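Chemist: Structure, please.
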Amino acid sequence: MMNIYRTENGVLNEVKELQPGVWVKLTAPDAEENQQIVEHYGIDFTDLVAALDDEESSRIEFEDDYTLILVDIPIPEIRNDEEHYTTIPLGIILTEDSIITVCRQEVEIFEKNLRFKMRNFSTRKKTRFVYHILYSISKLYLYDLRNIDKSRTEIEERAGKDTVDTDIISLHELESSLVYFATSLRANNMVITRLMRINQFPEDEELIEDTIIENNQAIEMTTIYRDIIDSTRELISAVMDNRLNNVMKALTSITLVMAIPTVISGIYGMNLKWLPFANTIHGFGIVCAGTAVICAVIMLILKRKKML
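Modeler: Purely as a prediction, here's the structure:
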């Protein structure tokens, strides 16, 4: 799908035709749309569709007629029936008079953030446009990182109560999301750092500095949250091991107690006349009572030793 936008009097409007000073937003474009952009702007087809390949890494390429900027953005995805996060490439192509963005799915920052910020600048100001995109991406990483930590906290709160095996799987998925984030944030940081070397307007310097700060903060938070998730996983594993140990102790104690009447009944089942109470009228009841007393004493001893 292709959408074309242009700012007029500080307001972002959608237009129908390609013209100077527009922002062309390509979302999972088809072959016809790709060919139209390639022919109109003289962009190499490989560069145009680079962002549609999940394996493409973040980078900047300077060509004669345009500049290609590739960065990674976070998106939610369903893994093991739960929502987690991964990253996908976003392509930004700056031509002489237009901006082109390419992504294989709708980008949240465009829908929720840039529409409001577009009121303050023009699509003709390409450098500022790129900085706003990068700044919004960094903020989105921070937002998603807080959601990841919130999910981890919920799992940690269940550690002492009703922890289940799926919690360990969820922690693994959260850690996988952080691995994707760490890799993408470091690559994005290289792109942002390289952009700083390009001549920029004085009013854009503060924005790019804020972008660097937010991106570095996201990198630090990713590292911290990965360490915390490691600790949480170890805590849950320790809790589950302790529960298993308690179950094994209880089963061992029950087996010990149940073995006493089995042994006594087995001995008396041999019908030896010289056994105690063998010839007594109430011998069966006495033996049963004695067995119960012995079992009760054993259970009391085990309880005091915290084996039950």
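Chemist: contacts, neighbours, all on C-alpha from now
Modeler: Noted.
Chemist: Low-confidence stretches in the protein?
Modeler: Along the chain, the model assigns pLDDT under 70 to residues 112-122, 160, 162-165, 198-201, 271-274, 278, 307-308.
Chemist: quick one, strands of it?
Modeler: 2-8, 11-15, 23-27, 59-62, 67-79, 82-94, 99-103 (DSSP state E).
Chemist: Show me how far the top helix by length along the chain is from its chain's centre.
Modeler: Longest helix in the chain, counting residues (DSSP state H): helix 202-268. Here the centre of helix 202-268 is set off from its chain's centre by 17 Å, with Cα atoms, centre = their mean, to the nearest Å.
Chemist: Out of the strands of the chain, flag the one nearest Ile301.
Modeler: Taking Cα to Cα, strand 82-94 is the member of the strands of the chain nearest to Ile301, at 47.4 Å.
Chemist: tell me what the closest one is packed against?
Modeler: Strand 82-94 sits against strand 67-79, strand 99-103, helix 165-196, with contacts defined as 3 or more Cα pairs under 8 Å, 6 or more residues apart in numbering; DSSP states H and E.
Chemist: Alpha carbons only: can I get the shortest one in CSV?
Modeler: This points to strand 99-103. Extracted C-alpha coordinates of strand 99-103, given in CSV (Å, rounded to 0.1, in the frame of the first residue of the first chain):
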residue,chain,number,x,y,z
ILE,A,99,11.1,11.4,1.6
ILE,A,100,10.2,7.7,1.1
THR,A,101,9.7,5.3,4.0
VAL,A,102,9.4,1.5,3.4
CYS,A,103,8.3,-1.2,5.9
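Chemist: List the buried residues for that strand?
Modeler: The neighbour-count check on strand 99-103 (16 or more other Cα atoms under 10 Å) flags Ile99, Ile100, Thr101, Val102, Cys103 as buried.
Chemist: Parallel or antiparallel, which strands does that strand pair with?
Modeler: Strand 99-103 has its sheet partners listed here by DSSP bridges as strand 23-27 (parallel), strand 82-94 (antiparallel).
Chemist: tell me the angle of the last one relative to strand 67-79?
Modeler: The one in question is strand 82-94. Orientation check (axes from the mean of the first three to the mean of the last three Cα atoms, to 10 degrees): strand 82-94 against strand 67-79 gives 170 degrees.
Chemist: next one: the shortest one
Modeler: With the same axes, to 10 degrees as the basis, strand 23-27 and strand 67-79 are set at 40 degrees to each other.
Chemist: can you list contacts of strand 23-27?
Modeler: Here strand 23-27 makes contact (Cα atoms under 8 Å, 6 or more residues apart in numbering) with 1-6, 18, 98-106, 123.
Chemist: Apply 6 Å and report the result again.
Modeler: Taking contacts as Cα atoms under 6 Å, 6 or more residues apart in numbering, the residues outside strand 23-27 that touch it are Met1, Met2, Asn3, Ile4, Tyr5, Ile99, Ile100, Thr101, Val102, Cys103, Arg104, Gln105.
Chemist: Out of the strands of the chain, which gets nearest to Ile298?
Modeler: strand 82-94 (48.5 Å).
Chemist: Which parts of the closest one count as buried, going by neighbours?
Modeler: So for strand 82-94, counting by 16+ other Cα under 10 Å, buried means His84, Tyr85, Thr86, Thr87, Ile88, Pro89, Leu90, Gly91, Ile92, Ile93, Leu94.
Chemist: Then stretch 246-255?
Modeler: Neighbour counts using 16+ other Cα under 10 Å place Ala250, Ser253 of stretch 246-255 among the buried residues.
Chemist: Quickly compare the helices and strands packed on strand 82-94 and say which is most buried.
Modeler: Across the helices and strands packed on strand 82-94, averaging neighbours per residue (mean count of other Cα atoms under 10 Å) puts strand 99-103 on top, at a mean of 23.
Chemist: That one: how far from the chain's middle?
Modeler: 26 Å.
Chemist: returning to what we had before: between the helices and strands packed on strand 82-94, which one is closest to Asp53.
Modeler: That would be strand 99-103 among these, by Cα to Cα, at 9.3 Å.
Chemist: Compute the inter-axis angle for that closest one and strand 2-8.
Modeler: Using the same axes, to 10 degrees: strand 99-103 against strand 2-8 is 140 degrees.
Chemist: Check what contacts strand 99-103 and list those residues.
Modeler: Trp23, Val24, Lys25, Leu26, Thr27, Ala51, Leu90, Gly91, Ile92, Ile93.
Chemist: which two in these are spaced the farthest apart?
Modeler: Between any two of these (Cα to Cα), the greatest distance is 16.6 Å, for Trp23 and Ala51.
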